[in-house]
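K.L.:
Sequence and predicted model, in that order:
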Amino acid sequence: QVQLVESGGGLVQVGGSLRLSCAASGRTFSSYAMGWFRQAPGKEREFVAAISGSGGTSYYADSVKGRFTISRDNAKNTMYLQMNSLKSEDTAVYYCAATSFDDSPYRSAFLYDSWGQGTQVTVSS
C-alpha cells in the first residue's frame, strides 16, 4: 500500500489555473504508475490523467487534453496536475491514485488500489 496526500485545490475563476500535488510514501515511488481522477456531485468518478512510474508515458481524458498536464518528480515522491483554462465543468473533488499492479498508466479506477483523501476544486464564473 501507498499513502497519498493531495493538496492544491481551491476556488478559481473560469479561465484560471491551479496546480494539484500528490505526495506519496510507503513504496519506491518510481516503481508504480499513478493517476488523477475526479468526482463531481451526483456523478461517477472519472479518469482525468495517468502517468507511468518513469514519467515517460501519460494519458489524458479527452475533456482535459490540451489544458491539463500530469507530471511527477520521483526525487520528491510527488505527482502533479497542472490545470489551465479551467472550466466550470472541471469543478469536482480530485483524487490521486497509485497502482500496485505494474508501471502501466491505467485509465480504469478499478486498477488503482491506493487513493488519497481528495481535494476540492471549484471553478466559478
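P.N.:
That came through fine.
K.L.:
Could you measure from the residue positioned nearest the centre of the chain over to residue 125?
P.N.:
Centroid-nearest residue in the chain: residue 36, 2.2 Å away (criterion: Cα atoms, centre = their mean). Note on residue 36: its distance to residue 125, by Cβ to Cβ, to the nearest Å, is 23 Å. For every residue, glycine as well, the C-beta is placed using N, CA and C.
K.L.:
Check residue 61 too.
P.N.:
22 Å.
K.L.:
And these two? Which one has more around it.
P.N.:
Just comparing residue 61 and residue 125: by other Cβ atoms under 10 Å the higher neighbour count belongs to residue 61, 16 against 7.
K.L.:
residues contacting the more buried one?
P.N.:
Residue 61 sits next to 46-49, 107 when contact means Cβ atoms under 8 Å, 6 or more residues apart in numbering.
K.L.:
try 10 Å this time
P.N.:
36-38, 46-50, 68, 107 (Cβ atoms under 10 Å, 6 or more residues apart in numbering).
K.L.:
Look up phi and psi at it.
P.N.:
phi -70, psi 150 (degrees, to the nearest 10).
K.L.:
Near residue 19, how many other residues are there?
P.N.:
Around residue 19 there are 13 residues (other Cβ under 10 Å).
K.L.:
which residues does the nearest residue to residue 124 once chain neighbours are set aside contact?
P.N.:
Closest residue to residue 124 apart from its sequence neighbours, by Cβ to Cβ, 6 or more residues apart in numbering: residue 13 at 5.8 Å. Contacts of residue 13 were listed using Cβ under 10 Å, 6+ apart, and they are 86, 88, 122-125.
K.L.:
By neighbours, which of those wins?
P.N.:
Most surrounded of those: other Cβ under 10 Å gives residue 86, at 22 neighbours.
K.L.:
For residue 125, see how far away it is.
P.N.:
Taking Cβ to Cβ, one finds residue 86 at 10 Å from residue 125.
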